[in-house]
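Q: Would you be able to build a 3D model of this:
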Amino acid sequence: MKIQIELFTGFLSSGKTSLINQLLKSRLYDGERIVIFQCEAGEEELLEEGTGEKNIFVKRLGKDERFSAEYIKAAVKKYMPHRIIIEQNGMSRLEELLLELENREVRKQCGINSIVHVVDCRSFDMLMNIVGSNLIEKLSESDLVVFNHAAGIKKERMEGLKRTVKVLNKSAQVAFIDTPEDFSKALEDGIIYTEDMPSFLSKPSDKLMGVFFVLILAYFLFNVFRMLNAENISLDFSGFQVFITIFASILMQALPFLLIGVLISSVIQIFVTRDMVAKYFPKNKIFSFGAAMIAGVFFPVCDCAIVPVASRLVKKGVPLPAAVTFLLAAPIVNPVVLVSTMYAFPQEPAIAFYRLYLGITIALAAGLTFQLFPEEEQVQLEGTVSVLCGCAYCTENGTDKGLIDRVTSVLKHAAEEIFDVGRFLIAGALLTSILQMAIPKEVLSELGSSPTLSLLVMMATAFVLSVCSSSDAFIARSFAGQFSMGSIMGFLVLGPMLDIKNILMLWGSFKKRFVIKLVFVVVGLSFAVLSVFSILLFGV
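A: From the prediction side, this is the model:
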């Protein structure tokens, strides 16, 4: 059995050492030899002698010493521990530590069991302002985030902090404590930090890869049976063949545009910062609306960057209605989106024009709605809770580095984004294929025959699937045989404006009242405009 490694991260005075001591005092690790590497000395001393049935050995690193894989190898050779706890220096990058733990010899003998980040509630905003990228990296990678000194923190504030963590890291546990004893009680009650916390398939991406593996296995078996062509085997694979055909065709046609969109988006996001966009964005109400409608052409960013940019625009004094227009229009006027739409509907190139026209119309109408019915109070969350994703764009300022570092950041962001939006494409293609195969054509035709119902169904489908706008046209096309083109436009127009992942980002940056109002305005306007469009153009 491999040696388990527990990583504790957090800045000085956050309470890391106190929580490690509580962990050592608990009964979780009775009967174990434990080696602790302390890379940062705080106010409290670590336990240096056995507690209960545990043998504890502490290795302190000097101020100028850098932790490396050699320390792990030496500890394993000398103590043969059951568990290793690493208290990382708060200012060090977690990525550097994880790279050391990827050493081949270390991986043979050890495995990371959990990553715990400890943060002081009282200094969260200050830390986000000073060391934002470092903090975001740690929050994004942690299995458990402990907010210390939570006494006196209002419930609304706690919900905001938790929401920020969940936007960055959906699979992380979040705990609020006031004293180390609270952590100890939570341990004893089994509320947090259980041994199976980072269990197999615990993250959504892991589950998706599991499903993908099952599909590959099923496809392999399908081909084996087809090659056997045995008379004694009487199985009908026609339905599965339809499923594989739809699933594979969507992925094969959508992936090139997804890759192109991600690469272009990554280049722009690293070389053009949010502050640069906000600086040159017009503050005049009339000109700001014009800029908001076309900004996406010159700034084709990924979905994860749209909300942070819109948030920064509001902070820099751009009128809220113009920022709303930019938020809704940018994903649709993206050139890659328009090209992919034309490729998905080669016989009907006008679909791309309709998508562009309707998207700009609805985005402008939503902005004007907020102009006519303005918000009476600040819409953004207090502090800096508006940092919304763990990608390289949001965690690193690429323009402060040299060309080589910036190119590295582009590749890093592109790789992260491919995995981020790629899983939505795979999930969307998977669900679409299942629906096409499992639901009888008569039922789909009946749904498609009702203009109102079919439009609502396609709008809801776009919201749930949350597919990137650069590749969603191929999923929309798979429904073209059962649904009217008017309802297909509902999928193509609403999806880039509102979906599950964008709503989560909005919740982390703006107040509930504004987000709810925005959802109702966008959905209401989309339904009204698309209904009129269907009647005028298609007669349904």
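
Q: For this structure, name the helix or strand with the lowest mean pLDDT.
A: The helix or strand of the chain with the poorest confidence is helix 392-395; it has a mean of 48 (mean pLDDT, DSSP states H and E).

Q: Mind checking what helix or strand follows it in sequence?
A: helix 403-438 (DSSP states H and E).

Q: Just name whatever secondary elements that following helix is in contact with.
A: helix 204-228, helix 238-271, helix 303-315, helix 392-395, helix 451-465, helix 472-478 (3 or more CB pairs under 8 Å, 6 or more residues apart in numbering; DSSP states H and E). Bear in mind the C-beta positions are built from the backbone N, C-alpha and C, glycine included.

Q: could you give me the average pLDDT of the last one?
A: What that stands for is helix 472-478. The pLDDT scores in helix 472-478 average 90.

Q: chain center to that helix, what's the gap?
A: 22 Å (CA atoms, centre = their mean, to the nearest Å).

Q: And for that helix, what's in contact with it?
A: Residues from elsewhere that reach helix 472-478 (CB atoms under 8 Å, 6 or more residues apart in numbering): 246, 249-250, 253-254, 337, 340-341, 343-345, 428-429, 432, 436, 458, 462, 465, 467, 488, 491-492, 495-496.

Q: didn't residue 106 look like it was pressed against residue 75?
A: No. Contact criterion CB atoms under 8 Å: residue 106 and residue 75 do not qualify, at 10.5 Å.

Q: before we move on, the earlier item: out of the helices and strands packed on helix 403-438, name the one with the poorest average pLDDT.
A: The minimum mean pLDDT among those belongs to helix 392-395 (a mean of 48).

Q: How much space separates the nearest residue to residue 348 once chain neighbours are set aside from residue 59?
A: Closest residue to residue 348 apart from its sequence neighbours, by CB to CB, 6 or more residues apart in numbering: residue 485 at 7.8 Å. Using CB to CB, to the nearest Å, residue 485 is found at 68 Å from residue 59.

Q: next one: residue 267
A: Computed as CB to CB, the residue 267 to residue 59 distance reads 44 Å.

Q: Quick one: low-confidence residue ranges for the stretch 1-150 of the chain.
A: 42-43, 48-54 (pLDDT under 70).

Q: show me where it has helices.
A: Listed in chain order, the helices of the stretch 1-150 of the chain (DSSP state H, counting those that start in this stretch) span 16-25, 69-79, 94-101, 104-109, 124-141.

Q: Quick one: mean pLDDT over stretch 156-165.
A: Throughout stretch 156-165, pLDDT has a mean value of 84.

Q: quick one on the thing from earlier: report the buried members of the contacts of helix 472-478.
A: When the contacts of helix 472-478 are checked for burial by 16 or more other CB atoms under 10 Å, the buried set is 246, 250, 253-254, 337, 340-341, 343-345, 428-429, 432, 436, 458, 462, 465, 467, 488, 491-492, 495-496.

Q: For this structure, which strand extends over the most residues?
A: Taking DSSP state E as the criterion, the chain has its longest strand at strand 110-120.

Q: can you give me the offset of that strand from its chain's centre?
A: Distance of strand 110-120 from its chain centroid, counting by CA atoms, centre = their mean, is 20 Å.

Q: So what touches that strand?
A: Taking CB under 8 Å, 6+ apart as the rule, strand 110-120 contacts 2-11, 13-16, 19, 72, 76, 83-84, 94, 98, 101, 127, 135, 138-139, 141-149, 193, 195, 197-198.

Q: residues of that strand that come out buried?
A: Neighbour-count burial for strand 110-120 flags 110, 112, 113, 114, 115, 116, 117, 118, 119, 120 (criterion: 16+ other CB under 10 Å).

Q: Excluding chain neighbours, what is closest to the fourth one?
A: The shortest distance from residue 114 to any residue other than its chain neighbours is 4.5 Å, reached at residue 143 (CB to CB, 6+ apart).

Q: What of residue 333?
A: Excluding the flanking residues, the one nearest residue 333 by CB to CB, 6+ apart is residue 296, at 3.9 Å.

Q: who touches that neighbour in this structure?
A: 326, 329, 330, 331, 332, 333, 334.

Q: got the contact list for residue 73?
A: If you count contacts by CB under 8 Å, 6+ apart, residue 73 has them with 103, 105, 106.

Q: Equivalent analysis for residue 411, please.
A: Shown in contact with residue 411 (CB under 8 Å, 6+ apart): residue 266.

Q: Against residue 100, how distant is it?
A: Distance of residue 411 to residue 100, given as CB to CB: 21 Å.

Q: buried residues in stretch 368-375?
A: Within stretch 368-375, the residues that count as buried by 16+ other CB under 10 Å are 369, 370, 371.

Q: Count the neighbours of residue 538 for me.
A: For residue 538, the neighbour count with other CB atoms under 10 Å is 13.

Q: Mind telling me what element the closest residue in space to it that isn't next to it in sequence is part of?
A: Distances taken as CB to CB, 6+ apart place residue 486 nearest to residue 538, at 5.2 Å, with adjacent residues excluded. According to DSSP H and E, residue 486 maps onto helix 485-497.

Q: re earlier: most neighbours out of the contacts of residue 73, which is it?
A: Compared across these, residue 106 has the highest neighbour count, 21 neighbours, by other CB under 10 Å.

Q: Next, the contact list for that one, please.
A: The neighbourhood of residue 106, defined by CB under 8 Å, 6+ apart, consists of 69, 72, 73, 100.

Q: What is the nearest of the residues you listed to residue 24?
A: Top of the list for closeness to residue 24, among those and by CB to CB, is residue 72 at 19.2 Å.

Q: so how many other residues sit close to residue 132?
A: Residue 132: 16 surrounding residues under other CB under 10 Å.

Q: which residues does residue 110 bridge with?
A: residue 3 (DSSP bridges).

Q: Alright, calling it a day.
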